[in-house]
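> Coordinates for the following, if possible.
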Amino acid sequence: MHGLFKKKALTKIAMATISLILLLLINPLGLSAFTLGDVNDDGRIDVQDVTLVTRHVMGIESLSVSQMEAADVNADGNVDIQDITLITQRTLGMIDDFDDETETLEEIAVHFIDVGQGDSIFINTSEQNILIDGGNRGDIALNYLQDLGVEKIDLVIGTHPHADHIGGLINVMEVISVGEAIDPGVAHTTITFEDYLDIIDEKEITFTEGRAGMTRNLGEGAELKVVHPESPTSDHLNNASIVVRMTYGDISFLFTGDAEKEAEAEMLNRDHVLESTILKIGHHGSRTSTTQTFLDVVNPEVAIIMCGLDNTYGHPHEETLNKLSAANVNIYRTDLHGSVIITTDGSAYEINTDPYEHEDDPESDPEPDNDQDEKEHEDDPEPPTAGTVNINTASYEELQEIIHIGPSRAESIINHRPFTSIDGLTRVSGISPARLQDIKDEGIAYVE
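Numbering: from 1, shown residues only. Now for the predicted structure:
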C-alpha cells in the first residue's frame with residue numbers, strides 16, 4: 001500500500017509539472033497574468049473578464065474579494081474605468097502586460113485662460129489640442145498658446161457668436177493651423193462674426209454644426225461629447241451655446257459656454273449624463289445661469305468662473321457664489337486667480353492655485369422668480385478692456401494690432417493725427433460706423 005501511495009503521489013507531481021509547463025507555453029506572460037486581469041479565473045484574459053468588471057463598475061453585479069484583486073490591474077486600490085480600459089486593451093492585444101507603463105493614463109491639462117471678461121479654454125491631451133472659445137478680439141489667447149509651444153489645434157469650438165467668445169478665435173486661426181471648427185450654426189450680424197466665418201473659409205477649416213449627441217475621441221480613452229444644443233436659434237444666443245462634457249477615466253469636465261437657465265432645463269430633460277467633477281460655470285457666474293436643480297444634478301467638486309476683474313456686469317453674482325458655497329464646491333475665478341490650470345491622469349486632479357474663499361452675503365438679492373431676461377446679454381457690446389494702443393502715438397506696426405487696421409489704414413491714421421476721440425477714426429477711408437463699433441468693442445485703441 002505504501003508503494004502504491006508513493007507511486008500515485010509521484011504521478012500527481014509529474015502531472016502538475018506537465019500542467020505548469022503547458023500553462024507557461026500557453027501564456028508567455030507568466031503565471032501572474034492569470035491572476036491579474038483574469039477575473040473569472042479561467043486561465044484567460046478575455047471579453048468575459050471585461051464584462052464582469054464593467055458590470056461591477058456600473059453597479060449591476062458585485063465581485064468577490066479575490067475577483068476584486070484580479071480586477072485592480074493598475075493597483076490603485078479601486079476597480080474602475082481605468083481597469084476596464086486596461087483589461088480591454090490586453091484582450092485586444094494592444095498591450096502585452098499590466099506593467100508600470102500602463103498603470104496610469106497619460107496626463108491631460110485643461111487651461112482656463114484669463115482673457116478678461118470672456119471665455120477661452122485650452123485642452124491638451126497626449127494626442128490632441130482642443131480650444132473652446134478665444135475671448136475678445138486680440139492676441140491674449142494666441143499669445144498664451146504660443147507660450148505653450150502650440151503649433152496645431154485639432155478642434156476649435158466657438159460656443160456661440162458673441163464677441164467675448166469667438167473674437168480671439170479669429171487671431172488664433174490666422175496664425176495656428178486648425179483641423180476642425182464646431183459652432184452652433186446660428187447667424188449673427190456683427191463684423192466680428194463675419195470675420196470669424198471668413199477666416200474659417202479662408203483657411204479651409206472643416207466646419208461642423210454642433211448638435212447634442214455628437215462625440216469626438218481625444219485618445220487615451222478621453223472623449224468629448226456635445227450635450228447641447230439640439231435645435232438652436234438666433235433668438236437668444238446664450239442659450240444656443242454649445243455645451244460639451246469631457247470624460248477621462250474617473251474625472252469629467254462640463255464646459256457650458258454662456259448657457260442660461262432655459263438651456264440648463266433643456267439639458268436636464270435629455271438622457272445625457274451631466275454629473276461632472278469640474279463645472280465651468282455658465283455665463284461668467286451670472287444669476288441667469290446655474291439654477292439649483294442644474295447644480296444638484298451636475299454635483300461638481302470644482303467650479304470655474306471666467307470673468308473680468310471689476311467688470312461692469314457685476315459677474316460673478318452673489319447668488320451664484322452663495323449656491324456654490326452652500327454646496328461645498330471649491331470655487332476658482334479667473335478674475336482673481338488669473339489662468340487656472342487643472343491636470344489629471346484620469347484618477348485624480350491637481351489645480352495650480354488655491355480655491356477662492358467665499359463668505360455668503362445674506363443681503364444679496366434673491367434669484368428672480370420670473371422669466372424676464374436681465375439687461376446684460378452680450379447681444380450688446382461687451383465693455384472695452386483697458387486700452388493698449390494710443391492712436392495718437394502708436395507706431396505703424398502697433399496700429400495694425402487694432403481690428404480692421406492694415407498697412408494702408410495705419411498709414412492713413414498717422415497722416416490724420418491728432419485725434420480727439422476714437423470716433424475720429426471715421427475720417428480714415430474704409431472705417432465705417434460698423435467697423436468703428438468693432439474697434440470700440442475690441443477695446444485696445446484709445447486716445448490720449
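
> ok, then the element right after the strand or helix carrying residue 90?
Per DSSP states H and E: residue 90 is located in helix 81-91. Per DSSP H and E, the first helix or strand lying C-terminal to helix 81-91 is strand 108-112.

> How about residues contacting that following strand?
Contacts to strand 108-112, defined as CB atoms under 8 Å, 6 or more residues apart in numbering, come from residues 120-126, 144, 148, 220, 222, 246, 248, 253, 278, 280, 304, 306, 332, 334, 339-346. The way it works is simple: take the backbone N, C-alpha and C, and place the C-beta from them, glycine included.

> What subset of those residues is buried?
120-125, 144, 220, 222, 246, 248, 253, 278, 280, 304, 306, 332, 334, 339-342, 344-346 (16 or more other CB atoms under 10 Å).

> Can you list which of those are found in strands?
If you go by DSSP state E, the buried ones among the contacts of strand 108-112 have 121-124, 222, 246, 248, 253, 278, 280, 304, 332, 340-342, 344 in strands.

> Lowest-confidence entry in those residues?
pLDDT across those is lowest for residue 222, at 93.

> Which residue is the nearest non-sequential neighbour of that residue?
Of all residues not flanking residue 222 in the chain, residue 248 sits nearest, at 4.3 Å (CB to CB, 6 or more residues apart in numbering).

> Contact partners for that neighbour?
Per CB under 8 Å, 6+ apart, neighbours of residue 248: 105, 108, 125, 218, 220, 221, 222, 223, 344, 346.

> measure residue 179 to residue 141 for me?
Separation of residue 179 from residue 141 (CB to CB, to the nearest Å): 17 Å.

> neighbour-wise, which of these two wins?
Per other CB atoms under 10 Å, whichever of residue 179 and residue 141 has more neighbours is residue 141, with 27 against 13.

> show me the contacts for that one.
Counted by CB under 8 Å, 6+ apart, residue 141 has contacts 113, 115, 120, 122, 131, 134, 135, 168, 169, 171, 172.

> so where is the stretch 51-200 of the chain shaky, pLDDT-wise?
99-105 (pLDDT under 70).

> same thing but 80
For the stretch 51-200 of the chain, the stretches with pLDDT under 80 are 74-77, 93-105.

> can you map out the helices along it?
Assigned by DSSP state H, counting those that start in this stretch, the helices in the stretch 51-200 of the chain fall at 65-71, 81-91, 140-147, 163-175, 191-202.

> Tell me which of those helices is the most buried.
Among those, helix 163-175 has the highest mean neighbour count (mean count of other CB atoms under 10 Å), at a mean of 25.

> what angle do it and helix 191-202 make?
30 degrees (axes from the mean of the first three to the mean of the last three CA atoms, to 10 degrees).

> mind checking how far helix 163-175 is from the chain centre?
In terms of CA atoms, centre = their mean, to the nearest Å, the centre of helix 163-175 is found 17 Å from the chain centre.
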